[in-house]
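**Student:** return atomic coordinates for the entry below.
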Amino acid sequence: MPTPPRPRLIPPSRQAWRRLPILVVSLALLLPAAHLKAGEVSQVDETMERLLEMHVTELAGIKLSTLSRKEQKLVDTAASVTVIDAEEIRRSGMTSIPELLRLVPGMNVARINASTWAISARGFNSQFSNKVLVLMDGRSLYTPLFAGVNWNLQQIPLADVERIEVVRGPGAALWGTNAVNGVINIVTKKAADTQGSRATLTAGTVETVRGELRHGGKSGDNLDYRVYASGMTHGDFRRADDSGADDNWHAQRQGFRLDWHPNQRDTTTLQGELFAVDENLSRGDKQGGHLLGRWSRDLSETRNLSAQLYYDQKVDTSFEVTRILDLDTQYGFRTGNHHWILGAGYRLTHMDLDDTTYIQWRPQSRRDHIMNLFAQDEITLASDWILTLGGKIEYQDEKGIFPQPNARLLWRASDTQVFWGAVSHAVRIPSSVDQDFHLNVPIGPMNLSLRGNQEIEPEKLLAFELGYRFQPRADLSLELATFYNRYNNLISLENLPPLLAPPTLRQFYANKAEGTTHGLETAADWRVNDTWRLTASHTWLKMNLDVTDGSTDTTTPASANDIPRHQWQLRSRLDLPHDLELDAAFFYTARIRNLAIPAVTRLDLRLGWRPTSNLTLSLAGQNLLDDHHPEFTGQMVTPSETPRAFLASAEWRF
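**Tutor:** Model prediction:
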């Protein structure tokens, strides 16, 4: 595969800016505190005002559903979990899902160019990060083409997102293959929570314009609905020589949601969306949409039943049409000290792929069937101990059966301390790129021939996790998690004897790599007073990769250094008098040695003002410490550098 150009290192004159962040952050975080008055909170709608007034103890009671497929309190989860709530989304100053994931401890978020991100949890980051499963309202965003996520296709209106739940660590026992290193679940708001009309306009120096319209209403007493439309235009990033990268792009989408409650027991949801994305660098566009229906019934106080069906289609005008039909059913019940969740599912994926100048697909049409059964039992052993046992068995028509078990134990040592541990097994099934991809491209005087492998096997993980949560005071909480992951059957890049006429370097994919990762994640949340909140986190990660006997791969061991060893962040959320808000975020990402990416120090600031109950204005600055900097390189796209950016936004509710 062609080697992308190496980004240049930041020269010493720009490195001097690296020495300023602590001073700048201190001023941004501490100077406004001199004007604080106890109890002053900006006027927001009733729900958000209540959230702002919560102390850490109450926030620990926020419920999530990703880890166990049922609502449970965050403090009772035996896993590393972060929840980005609606208020945090609003005050982040960010405009997209991938950028919001920078707020999550343990997530490595790196921008390759204006429309491409590399996002991973606990290692293995790349343009085609393939070990994190991403869901939106239970619909998988994980593409079977390259086993990752097209992040630029997920430009949903953030005001419609209720929360983003991020589980770091395996989630395959309930969510199945590909939930190897983590699960990201984007939960949108119910239609009843988005009543009335809303218009938002954002303009900036890089994201030049973004507009959103939404209207929510009711029909009778039992039906709530919303409809929305959005569009955005994103300008070019910069190259190392300060020239434009010509990687601008455009996106638009329209959608709806209906929530129907015909009686006290039944809830039915129907939602759908259409989108179109035009990327300048690809000289093509992507279009698609989905339609999802969900029904649930409370059979009694201790039993419930639900079913979900969705159809998803994506068309890349240059070479791809992918269609997915997915059915998922679930039954939950309590008996004694056991809480059972049982379920079954089926997925049909159909891909039609066209050859391009350098890429061929063999076969060009692929149809995959995946069936699954899963079960989980949450057992209350005593008032202070909870044991969770579960697993999922999946059958893929070409690769066979994959059991993925899981065991988790949680101990409430006291009212302020919780310990947990977990042992999990997960697999990642091969993508179409792994199996069907044929690349033939000239590189100087030679040709490169890279082939997929129809005999490729799933990658496998055995994971061990330990965690600790401590709340020494009502306004302060601390969290620590450590893990050790062992991988085998990892995909390697093997060499065949070269051809002399014409001169050709020949390579193919095989399962001849293995490795381990281990790391430590820490986070703290401090409610300084009623108007000021600080959060901080640090992540340390170490990867070791190797190849098995007989392998000719020389690239995989070096790719263990494709991730930063350390990541830090400090964020402040401050309410000022006169309905003003000041938000600051400081990020540090260590250098990525194998890709020659220097360390990145980033400062974001946001000033918000609510002059009336219906109007919110804000001004945000991002990457304020640097003109532009590289964050990652791409396998199939030309990288560029992330520039300093400013955004002005106005939101009107009517």
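**Student:** hey, let's count contacts and neighbours off CA atoms from now on
**Tutor:** Fine.
**Student:** in the stretch 51-200 of the chain, where is pLDDT below threshold?
**Tutor:** Residue ranges of the stretch 51-200 of the chain with pLDDT under 70: 51-70, 72.
**Student:** does Tyr228 have beta-bridge partners, and which?
**Tutor:** Arg214, Gly255 (DSSP bridges).
**Student:** just the strands in the stretch 1-150 of the chain please.
**Tutor:** Remark: strands assigned in the stretch 1-150 of the chain by DSSP state E, counting those that start in this stretch are 63-64, 72-73, 80-85, 107-113, 116-121, 132-136, 139-140.
**Student:** could you count how many residues lie near Leu505?
**Tutor:** Neighbour count of Leu505, defined by other C-alpha atoms under 10 Å: 19.
**Student:** give me the distance between it and Asn495.
**Tutor:** With distances taken as C-alpha to C-alpha, to the nearest Å, Leu505 is found 8 Å from Asn495.
**Student:** partners of the strand ranked longest in the chain in the sheet?
**Tutor:** When the chain is parsed with DSSP state E, its longest strand is strand 503-529. Strand pairing for strand 503-529, using DSSP bridges, gives strand 446-451 (parallel), strand 476-500 (antiparallel), strand 532-547 (antiparallel).
**Student:** select, out of the ones you listed, the one closest to Ser424.
**Tutor:** Closest to Ser424 of those, according to C-alpha to C-alpha: strand 476-500, at 9.5 Å.
**Student:** so which bits of stretch 376-395 are buried?
**Tutor:** 376-380, 385-395 (16 or more other C-alpha atoms under 10 Å).
**Student:** would you map the helices across the chain?
**Tutor:** 12-15, 21-30, 46-53, 56-59, 86-91, 97-100, 172-175, 432-436 (DSSP state H).
**Student:** for the chain, which spans come out with low pLDDT?
**Tutor:** In the chain, residues with pLDDT under 70: 1-70, 72, 281-284.
**Student:** quick one: neighbours of Val547, just the number.
**Tutor:** By other C-alpha under 10 Å, 23 other residues sit near Val547.
**Student:** is it true that it touches Asn511?
**Tutor:** No - Val547 is not in contact with Asn511 according to C-alpha atoms under 8 Å; the separation is 9.1 Å.
**Student:** common neighbours of those two, please.
**Tutor:** With contacts taken as C-alpha atoms under 8 Å, 6 or more residues apart in numbering, Val547 and Asn511 have Ser492 as neighbours in common.
**Student:** thinking again about what came up before, show me the two of the buried residues of stretch 376-395 that sit farthest apart.
**Tutor:** The distance between the two most remote of those (C-alpha to C-alpha) is 33.6 Å, for Trp385 and Tyr395.
**Student:** how far out from the middle of the chain is stretch 226-237?
**Tutor:** Centroid separation between stretch 226-237 and its chain, computed with C-alpha atoms, centre = their mean, to the nearest Å, is 19 Å.
**Student:** ok, residues contacting it?
**Tutor:** With C-alpha under 8 Å, 6+ apart as the test, stretch 226-237 has contacts from 113-114, 156-157, 191, 194-195, 205-217, 244-258, 640-643.
**Student:** and those, which are buried?
**Tutor:** Buried residues within the contacts of stretch 226-237, counting neighbours by 16+ other C-alpha under 10 Å: 113-114, 156-157, 191, 194-195, 205-217, 245-258, 640-643.
**Student:** list the ones among these that fall in strands.
**Tutor:** Counting by DSSP E, the buried ones among the contacts of stretch 226-237 place 113, 209-217, 249-258, 642-643 in strands.
**Student:** need the strands for the stretch 251-400 of the chain, in chain order.
**Tutor:** Counting by DSSP E, counting those that start in this stretch, the strands of the stretch 251-400 of the chain are 266-279, 284-298, 303-316, 320-335, 338-353, 359-361, 365-382, 385-396, 400-412.
**Student:** so in terms of bridging, what pairs with Glu378?
**Tutor:** His339, Thr388.
**Student:** you'd agree it is up against Ile386?
**Tutor:** Yes - Glu378 is in contact with Ile386 according to C-alpha under 8 Å; the separation is 6.9 Å.
**Student:** check contacts around the residue nearest to Val149 when sequence neighbours are not counted.
**Tutor:** The shortest distance from Val149 to any non-neighbouring residue, by C-alpha to C-alpha, 6 or more residues apart in numbering, is to Tyr142 (5.1 Å). Going by C-alpha under 8 Å, 6+ apart, Tyr142 touches Leu133, Val134, Leu135, Gly148, Val149.
**Student:** among the residues you listed, which pair sits farthest apart?
**Tutor:** Checking the contacts of Tyr142 with C-alpha to C-alpha, the most distant pair is Leu135 and Gly148, at 11.7 Å.
**Student:** those two: which is more packed in?
**Tutor:** The residue with more neighbours, out of Leu135 and Gly148, is Gly148; 24 against 19, by other C-alpha under 10 Å.
**Student:** show me the contacts for that one.
**Tutor:** Residues in contact with Gly148 (C-alpha under 8 Å, 6+ apart) are Phe128, Ser129, Asn130, Lys131, Val132, Leu133, Tyr142.
**Student:** I'd like these as a markdown table, with distance to Asn623 appended.
**Tutor:** A markdown table is the format used below for those (distance: C-alpha to C-alpha, whole Å):
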| residue | distance to Asn623 |
| --- | --- |
| Phe128 | 25 |
| Ser129 | 24 |
| Asn130 | 27 |
| Lys131 | 28 |
| Val132 | 26 |
| Leu133 | 28 |
| Tyr142 | 29 |
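**Student:** and which of the residues you listed is nearest to Leu309?
**Tutor:** Looking across the contacts of Gly148 and measuring by C-alpha to C-alpha, the closest to Leu309 is Tyr142, at 16.5 Å.
**Student:** quick check on the residue lying farthest from the centre of the chain: phi, psi?
**Tutor:** Within the chain, Ala501 marks the point farthest from the mean C-alpha position, 45.9 Å out by C-alpha atoms, centre = their mean. Note on Ala501: its backbone torsions stand at phi -140, psi 110 [degrees, to the nearest 10].
**Student:** for Gln360, see how far away it is.
**Tutor:** Distance, Ala501 to Gln360, by C-alpha to C-alpha: 21 Å.
**Student:** tell me how far the residue sitting nearest the centre point of the chain lies from Leu100.
**Tutor:** In the chain, the residue lying closest to the centroid (C-alpha atoms, centre = their mean) is Ile184, at 4.9 Å. According to C-alpha to C-alpha, Ile184 stands 12 Å off from Leu100.
**Student:** swap in Thr269?
**Tutor:** Distance of Thr269 to Leu100, computed by C-alpha to C-alpha: 26 Å.
**Student:** okay, now Gly400: neighbour count?
**Tutor:** Gly400: 11 neighbours (other C-alpha under 10 Å).
**Student:** now do Ser300
**Tutor:** Neighbourhood size, Ser300 [other C-alpha under 10 Å]: 10.
**Student:** from Trp340, how far off is it?
**Tutor:** 14 Å.
**Student:** likewise for Thr531?
**Tutor:** Counting by C-alpha to C-alpha, the gap from Thr531 to Trp340 is 42 Å.
**Student:** the two - which one has more neighbours?
**Tutor:** Thr531 (22 against 19).
**Student:** what's the burial count for the nearest residue to the more buried one once chain neighbours are set aside?
**Tutor:** Closest residue to Thr531 apart from its sequence neighbours, by C-alpha to C-alpha, 6+ apart: Asp575 at 5.0 Å. Burial of Asp575 is recorded as 25 neighbouring residues (other C-alpha under 10 Å).
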